[in-house]
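J.: With the sequence up front, the predicted model follows.
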Amino acid sequence: MLRFKSLFVCLGIRRESMLKASASLDLAFKGFGALVLTHKDASVDDVGLNYLSAHDIRVLNSSMPADVGLVVLQTCNRVEIYFRGDQDSILSRLKYTLISMGKSVEGSRWRALCGREVVTHLFRVAAGLESLSVGENEILGQVRGAYTQWRRKKRVDQHLSALFEKALHVGKRVRSETSISKGKTGVYSLAVAYASQRVDLHSSRIAVIGAGDVGSKIVKMLRDLGVKDVTIINRTVSTARRLAEKYNYDYAALSFDSLSGYDVVFSAINHPSKKRAAGSRIVVDLSVPPVFVGENVVYLEELREIAERNAESKKEEVRRAEGIIREEEEALARRIQQLLADMYIGRIMNRIEGIRGKEVKRAVNMLEHRGVQRDVSLPILDALTRSIINKTFYRVLEDIRILTYQGDMDHVEYLLSLFGGDSGKPSP
């Protein structure tokens, strides 16, 4: 014990000051990275052109080393790739892979985030602060879906899991403690609001192309407004029929040639080629990438004015949400530091336990040769050696935990080397 006592004196450890020290967010979040393209940095068209197809996702997943944490989040106005590992090498590999897919990465509006930037950005995304329609609820489900999808792919390690679990918690807390999501939010509400400012929806023939999440929400909003003449158009007729029967609307199979008979068209589908709806007064295209072209087409980009007015009215709620985000960043830092400390302590205890097990076995064999039965000596020696180890190393392990919370990783690594373990730093 003198060796450890002198060691800690030399290191100048002062337990009380360490316990009072605040957590280092930058150190805790080291290893988190992201490559993001959003409506705030690029046009919606650019975002759509860089959207990752199911095939692209498979290629991206297979191009990354097995030990790299990965989550891809895509919505109608963002493509975001979150990762955990070595920043430079992973970013280089990501960019190379995206370029090979034909994505415009070099010299584009993609942003590389690292460390705390990643945490803050994801928390803001989950809270709805980064959405085109501030406070939208849909983004929280999209974050959860992305997290679940990549966890099933075995791409989410403990640290990424802690990040996304906390992001989901932040999203829920912001919506319960502020009025950020009060009223109608989401791009579908912007689309309906835009159309209603330009035509009388109640006297118009309306087509909603797509019976997915966005299309369903547009249909519901039109029903809530009392709009009567709506036809739901979808590739899969049975899906369109179910949605139409729910709201007492008409339905039809997808045929772009039939759209000329509608005054207003809302589109929320995925289609490989560009189309026109020349006979319609307004086409609000929420598809990613956009499907329609023409002077009568309105894209997400043109909904910004309505979105900015809504955001202006929520400034105070945004400020409150940002306060919650700062609190939760500190909570996440503590959680990650706990994970790191557990890893370091586990590494040392594995080494100690290996030695203890061998020595107990050797002692049991020696006693057995002297007539002491194994079932008598083993429980006694096992309990005795465990007690000695726990009492001897408690202070050492506790100081390692404190050093980790303090961010003093050099001293932690030095202690690991004293126990005969790998003195190299673990993966960030």
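T.: Sure thing, it's come through.
J.: Please, which helix or strand holds Ala252?
T.: Here Ala252 sits within strand 250-253, counting by DSSP states H and E.
J.: List the buried residues in that strand.
T.: Under the neighbour-count criterion of 16 or more other C-beta atoms under 10 Å, strand 250-253 has 251-252 buried. C-beta coordinates here come from the backbone N, C-alpha and C atoms, glycine included.
J.: That one pairs with which strands, and in what direction?
T.: Looking at strand 250-253 with DSSP bridges, its partner strands are strand 230-234 (parallel).
J.: And the contacts of the partner strand?
T.: With contacts defined as C-beta atoms under 8 Å, 6 or more residues apart in numbering, strand 230-234 is touched by 205-211, 215, 219, 222-223, 240, 243-244, 247, 249-255, 258, 262.
J.: for stretch 133-140, same thing?
T.: Contact partners of stretch 133-140, identified using C-beta under 8 Å, 6+ apart, comprise 75, 125-126, 128-129, 131, 168, 171-172, 175, 180-182, 185-187, 189-190, 213, 217, 307, 310-311, 314, 317-318.
J.: What of stretch 366-381?
T.: Outside of stretch 366-381, the residues within contact range by C-beta under 8 Å, 6+ apart are 360, 363-364.
J.: I figured Leu415 hits Leu397, correct?
T.: No - shown here, Leu415 and Leu397 do not form a contact pair, counting by C-beta atoms under 8 Å, at 9.6 Å.
J.: anything in contact with each of these two?
T.: Ile348.
J.: Look at these two and report which has more neighbours.
T.: Ranked by neighbour count (other C-beta atoms under 10 Å), Leu415 and Leu397 place Leu415 first, with 22 against 18.
J.: And the more buried one, how far from Arg111?
T.: Shown here: Leu415 relative to Arg111, a distance of 38 Å by C-beta to C-beta, to the nearest Å.
J.: Just the C-alpha atoms of the strand holding Ala252, please, in CSV.
T.: Only the C-alpha atoms of strand 250-253 are listed here, as CSV (Å, rounded to 0.1, in the frame of the first residue of the first chain):
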residue,chain,number,x,y,z
ASP,A,250,-62.3,9.6,-52.4
TYR,A,251,-59.2,7.6,-53.4
ALA,A,252,-57.5,6.6,-56.7
ALA,A,253,-54.5,4.8,-58.0
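J.: Return the distance of that strand from the chain's centre.
T.: 37 Å (C-alpha atoms, centre = their mean, to the nearest Å).
J.: The helix or strand that that strand is followed by: partners in the sheet, and parallel or antiparallel?
T.: Counting by DSSP H and E, the element after strand 250-253 in chain order, helix or strand, is strand 264-267. Strand 264-267 sits in its sheet next to strand 206-209 (parallel), strand 282-285 (parallel), going by DSSP bridges.
J.: Now do the same contact list for the closest residue in space to Leu201 that isn't next to it in sequence.
T.: Spatial nearest neighbour of Leu201, chain neighbours left out: Val227 (4.9 Å); criterion: C-beta to C-beta, 6 or more residues apart in numbering. Applying C-beta under 8 Å, 6+ apart, we find Val227 in contact with 201-202, 206.
J.: Am I right that Val227 is in a strand?
T.: No - with DSSP: H, G, I helix; E, B strand; the rest coil as the criterion, Val227 is coil rather than part of a strand.
J.: State the phi and psi torsions of it.
T.: Backbone torsions of Val227, given as degrees, to the nearest 10, read phi -70, psi 130.
J.: pLDDT score assigned to it?
T.: Among the per-residue scores, Val227 holds a pLDDT of 96.
J.: From Ser203, how far out is it?
T.: From Val227 to Ser203 the distance is 10 Å (C-beta to C-beta).
J.: In space, what's closest to the most centrally placed residue in the chain - neighbours in sequence excluded?
T.: Nearest to the mean C-alpha position of the chain, counting by C-alpha atoms, centre = their mean, stands Phe164 at 4.8 Å. Spatially, and ignoring its direct neighbours in sequence, Phe164 is nearest to Tyr147 (4.2 Å; C-beta to C-beta, 6+ apart).
J.: Contacts only, for Leu274.
T.: Rather than Leu, residue 274 is Lys. Going by C-beta under 8 Å, 6+ apart, Lys274 touches 290-293.
J.: if we go to 7 Å?
T.: Neighbouring residues of Lys274 by C-beta atoms under 7 Å, 6 or more residues apart in numbering: 291, 293.
J.: So which residues of the stretch 151-300 of the chain form helices?
T.: Along the stretch 151-300 of the chain, counting by DSSP state H, counting those that start in this stretch, helices occupy 158-177, 187-196, 213-224, 237-247.
J.: I appreciate the help and will end here.
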